[in-house]
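[1] below are the sequence and a predicted model for it; my questions follow.
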Amino acid sequence: MVLEKLSEGLRNAINKILRSNVADKEAVEELVKELQRALLTSDVNVELVFEISENIKKKALDETLPPGISRREHIVKIVYDELTNILGRKAYPLEIKPGKSNVIMLVGIQGSGKTTTVAKLARYLSKRGVKTGVVCADTFRAGAYEQLYQLINELNVPFYGDQNSKNSVNVAKKGIEKLQKEECEAIIVDTSGRHKEEKGLMKEMQDIAKAILPQEIILLIDGTLGQQASSQAKAFKDATNIGSIIVTKLDGSARGGGALSAVAATGAPIKFISTGEKIEDIESFNPTGFVGRLLGMGDLQSLLDKVREAELKTDKNAAMAFLSGRFTLKDFYESMEQLKKMGPISKVFDMLGVGAKIPNDLKDVADDKMRYWKVMLQSMTNEELVDPKIIDRSRIIRIARGSGTQTRDVKELIDQYFAAKKMAKMMGKQRTRGKRGMQLPPGISPEQIRKWKGKLA
Ligand SMILES: Nc1nc2c(ncn2[C@@H]2O[C@H](COP(=O)(O)OP(=O)(O)OP(=O)(O)O)[C@@H](O)[C@H]2O)c(=O)[nH]1
Ligand SMILES: [Mg+2]
């Protein structure tokens, strides 16, 4: 996996918010902290990280939710959007104009991955039906010719190089002429790399470009550089007409996130990323899909599907627990809270096909009194929560005092709990009967049972 560490950090943060009960301020702060840790470890620029953090916090808590989207879904989408933004948002596919010789020249400092990537691109384009040729215009490094020749050996693509010449401009020109004659639609030119401070490298790059007039100059940047990649991208851009960028060595690079975001920040389109030493380890770069993968979620649609599914599962589990009749006071509260998320409690019961059987008291009470229930529960001992039968008058007085409520409120909660428990047991029985095809109790139709089972399946 590309950027494994970053991906792991981001996934952890996202999963945490998906699992949390409420997406409140605290949960968002926690999420942002985890994201920051993951991004900074990947060498993403501090200011950029800070900016994203602020955006996420603000949007997560202030923005109105789109219809049918939960707060958590919305937050995941915000994170997704912010991360996509720092990677440039748009995809820039490599354009090969048909019926022409598209000359593509690769430049970059020593060891950035030019020669390897020339071969990778030749394979990539050939596989897509583009007749591709390769020119070795690196006359500086001993063995450059041999290296490229070996790499493309199996590809069966036209190749030009001259081991005896030291004149890279001439070699490049001759190579293009030869491959044009062979009707190559894409001609990829490998150039030499020296240190970026060396004026000689920039000069040679300019001379070759002037002589062969490439359709596109692609700068190769080593992803292990992290955010330093930005100054290198700028230096090259100033020296020549860089059209796009390929970030290499993103496999296992701990600082790849920093490199990608820094390059994107210069405004240069990242067209490919290179993710290994093998010839097939190259992929066209699409920020949207890439972020989806980092977060472990193919694309936005499947991301949203996944969030929805995750939420539905907890709701269903809660509904099942509730209807089994085996729950403590705390479970009762949690189940009600989960059910509430599906909509107003009374509607949820109707939706489950059991609305008619629920005491009106419970339906009305549940919707607006749950806030008080929470503080009351907090004032109870564990013993009381697990076995509410022991809550006698003196305990009720203590709980009311501790929670700042009236004794009748506490009593009401306990009564509701027992009513719900009784009701749930009854419902459970009806459900089993319906399932076995036995006679249904009055007031419950087979249609209702089917609907109900469908919701809970
Ligand atoms: N792990 C990994 N290694 C890579 C990747 N791309 C290139 N390399 C390795 O990096 C080293 C340098 O690659 P080259 O393609 O020779 O780099 P270059 O820019 O042509 O180097 P010079 O011609 O000397 O300037 C080689 O050992 C490659 O196998 C990549 O995406 N991942
Ligand atoms: Mg090379």
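    Received it, and whenever you're ready, just let me know what you need. Ligands and ions are numbered 1, 2, ... in the order given.
[2] number of nearby residues for the closest residue in space to residue 30 that isn't next to it in sequence?
    Leaving aside its chain neighbours, residue 30 sits nearest to residue 16 (6.7 Å; criterion: Cβ to Cβ, 6 or more residues apart in numbering). For the C-beta atoms, the positions are set from N, CA and C on the backbone; glycine is no exception. Applying other Cβ atoms under 10 Å, we find 13 residues neighbouring residue 16.
[3] just the helices in the stretch 201-350 of the chain please.
    Listed in chain order, the helices of the stretch 201-350 of the chain (DSSP state H, counting those that start in this stretch) span residues 229-239, 256-265, 287-294, 300-324, 329-341, 345-351.
[4] residue nearest the centroid of the chain?
    residue 295 (2.7 Å; Cα atoms, centre = their mean).
[5] quick one: pLDDT of that one?
    Listed pLDDT for residue 295 reads 83.
[6] my guess is it contacts residue 14. True?
    Yes - counting by Cβ atoms under 8 Å, residue 295 touches residue 14, with 5.7 Å between them.
[7] shared neighbours, those two?
    76, 79 (Cβ atoms under 8 Å, 6 or more residues apart in numbering).
[8] show me which residues of this structure are close to ligand 2?
    114-115 (Cβ under 5 Å from the ion).
[9] residue numbers of the chain in contact with ligand 1?
    Contact residues, the chain versus ligand 1 (Cβ under 6 Å from any ligand atom): 108, 110-116, 138, 141, 144, 193, 248-249, 251, 274-277, 281.
[10] same thing but 5 Å
    110-116, 193, 248-249, 274, 276-277 (Cβ under 5 Å from any ligand atom).
[11] closest one of these to residue 237?
    residue 112 (15.0 Å; Cβ to Cβ).
[12] what residues are up against the spatially closest residue to that closest one that is not a sequence neighbour?
    In space, and not counting its chain neighbours, residue 112 is closest to residue 220: 4.3 Å by Cβ to Cβ, 6+ apart. Applying Cβ under 8 Å, 6+ apart, we find residue 220 in contact with 106-108, 112-114, 117, 245-246, 248.
[13] among these, which are in helices?
    Mapping those onto helices (DSSP state H) picks out 114, 117.
[14] in TSV: the contacts of residue 220, plus neighbour count.
    Converted to TSV, these look like this (neighbours: other Cβ atoms under 10 Å):
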residue	neighbour count
106	25
107	27
108	26
112	25
113	22
114	26
117	25
245	29
246	27
248	30
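[15] in strands only, show me the contacts of residue 220.
    106-107, 245-246, 248 (DSSP state E).
[16] can I get those in JSON lines with pLDDT?
    As requested, those are exported to JSON lines (pLDDT from 0 to 100):
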{"residue": "106", "pLDDT": "97"}
{"residue": "107", "pLDDT": "95"}
{"residue": "245", "pLDDT": "96"}
{"residue": "246", "pLDDT": "97"}
{"residue": "248", "pLDDT": "97"}
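[17] of the residues you listed, which is the nearest to ligand 1?
    residue 248 (4.4 Å; Cβ to the nearest ligand atom).
[18] residues near residue 412, how many?
    18.
[19] mind checking pLDDT for it?
    86.
[20] farthest-separated two in the ones in strands among the contacts of residue 220?
    Largest pairwise distance in these, by Cβ to Cβ, is 12.8 Å, between 107 and 248.
[21] residue 51 - how many residues pack around it?
    14.
[22] if I look at it, how far off is ligand 1?
    29 Å (Cβ to the nearest ligand atom, to the nearest Å).
[23] mind checking the SS state of that residue?
    Look at residue 51: counting by DSSP: H, G, I helix; E, B strand; the rest coil, its state is helix.
[24] residues touching the one residue in the stretch 151-300 of the chain that gets nearest to ligand 1, list them.
    Distance from ligand 1 to each residue of the stretch 151-300 of the chain (Cβ to the nearest ligand atom) is smallest for residue 193, at 2.5 Å. Going by Cβ under 8 Å, 6+ apart, residue 193 touches 107-112, 114, 138, 141, 201.
[25] and it, its phi and psi?
    Main-chain torsions, residue 193, degrees, to the nearest 10: phi -120, psi 130.
[26] skipping adjacent residues, who's closest to it in space?
    residue 110 (4.0 Å).
[27] kindly report the same for residue 158.
    residue 133 (3.9 Å).
[28] tell me the strands beside the helix or strand hosting the one you found, with direction?
    Residue 133 belongs to strand 132-136 when assigned by DSSP states H and E. Sheet pairing for strand 132-136, assigned by DSSP bridges, gives strand 159-160 (parallel), strand 186-190 (parallel).
[29] tell me which of these sits most buried.
    strand 186-190 (a mean of 28; mean count of other Cβ atoms under 10 Å).
[30] quick one: low-confidence parts of the stretch 101-250 of the chain?
    Scanning the stretch 101-250 of the chain for pLDDT under 70 picks out 195-197.
[31] closest residue of it to ligand 2?
    residue 115 (3.2 Å; Cβ to the ion).
[32] residues in contact with that residue?
    Contacts of residue 115 by Cβ under 8 Å, 6+ apart are 138, 144, 147-148, 151, 190.
[33] let's see 10 Å
    106, 134, 136, 138, 141, 143-145, 147-148, 150-152, 190-193, 220 (Cβ atoms under 10 Å, 6 or more residues apart in numbering).
[34] for ChimeraX, write the select line for the buried members of those residues.
    Those of the contacts of residue 115 that count as buried under 16 or more other Cβ atoms under 10 Å are selected in ChimeraX with:
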select :106,134,136,138,144,145,147,148,151,152,190,191,192,193,220
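[35] which ones among the contacts of residue 115 are found in strands?
    106, 134, 136, 190, 220.
[36] is the first one in contact with residue 94, as I believe?
    No - using Cβ atoms under 10 Å as the test, residue 106 is too far from residue 94 to be in contact (11.9 Å).
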